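K.L.:
Here is the input, now give the coordinates:
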Amino acid sequence: MPRAIGPIAVFAVLSLAAACGSAPESPEDRLRAVLASIEEGAEANDAAALKRCVSEHYGDSDGRDKQALAGVVAFHLLRNQSVHLFTRVGEIDFRVPGEARADVLVAMAGSPIPSPEVLPALRADLYRFELRFRDEEGHWRLSSAAWRPAAVDDFR
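P.N.:
Next up is the predicted model:
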């Protein structure tokens with residue numbers, strides 16, 4: 001059975017659709033559209049798309065830049081042939097013009113996750129992500145990410 005992917009790969013996958021797709025009207029609609037397509041991008045194992053969707057100014061607390069992030073994600077996606085995500089989008093805010101923050105719960109496993117009720121039976125990795133996006137020429141691009149472990153109860 002494939003092992004669940006790591007947190008670095010997940011927050012990167014969360015940005016896969018950031019610069020892709022049609023542009024709904026409001027900034028929140030555009031960001032929600034990005035977040036809604038996360039599971040599809042992850043299951044497609046398309047690491048090349050990541051590089052196009054991450055800001056050139058990306059940086060995280062572990063010192064990763066865009067290039068380092070793309071390498072780590074490619075490794076994790078290659079290592080985990082089957083990637084399934086269950087996401088819950090929490091708070092989204094736009095306190096600074098041209099920037100957005102989204103809190104997202106992510107369960108990652110090597111098999112489908114139809115609902116949070118099955119999480120205790122799965123060997124899933126559970127994380128809470130704080131994602132920061134930058135509006136770059138009308139496209140939300142991932143500019144920063146932080147994460148910490150989550151609990152099954154967080155998903156209910």
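
K.L.:
Number of residues surrounding Gly63?
P.N.:
Using other Cβ atoms under 10 Å, Gly63 has 7 other residues around it. Backbone N, C-alpha and C define where each C-beta goes, glycine included.

K.L.:
Which strand or helix spans it?
P.N.:
Assigned by DSSP states H and E, Gly63 falls within no helix or strand.

K.L.:
What does the pLDDT read for it?
P.N.:
If you check Gly63, the pLDDT there is 95.

K.L.:
Now do the contacts for it.
P.N.:
Contacts for Gly63 (Cβ atoms under 8 Å, 6 or more residues apart in numbering) come out as none.

K.L.:
Quick check: the gap between it and Cys53.
P.N.:
In this view, Gly63 and Cys53 are 20 Å apart by Cβ to Cβ, to the nearest Å.

K.L.:
Report the backbone C-alpha coordinates of stretch 122-131 in PDB.
P.N.:
C-alpha atoms of stretch 122-131 as PDB (Å, rounded to 0.1, in the frame of the first residue of the first chain):
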ATOM      1  CA  LEU A 122      -6.900   5.000   7.400                       C
ATOM      2  CA  ARG A 123      -3.200   5.500   7.600                       C
ATOM      3  CA  ALA A 124      -3.700   9.100   6.700                       C
ATOM      4  CA  ASP A 125      -1.400  12.100   7.500                       C
ATOM      5  CA  LEU A 126      -3.400  15.000   8.900                       C
ATOM      6  CA  TYR A 127      -2.200  18.600   8.700                       C
ATOM      7  CA  ARG A 128      -3.500  22.200   9.200                       C
ATOM      8  CA  PHE A 129      -2.000  24.600   6.700                       C
ATOM      9  CA  GLU A 130      -1.700  28.300   6.700                       C
ATOM     10  CA  LEU A 131      -1.200  29.300   3.100                       C
END
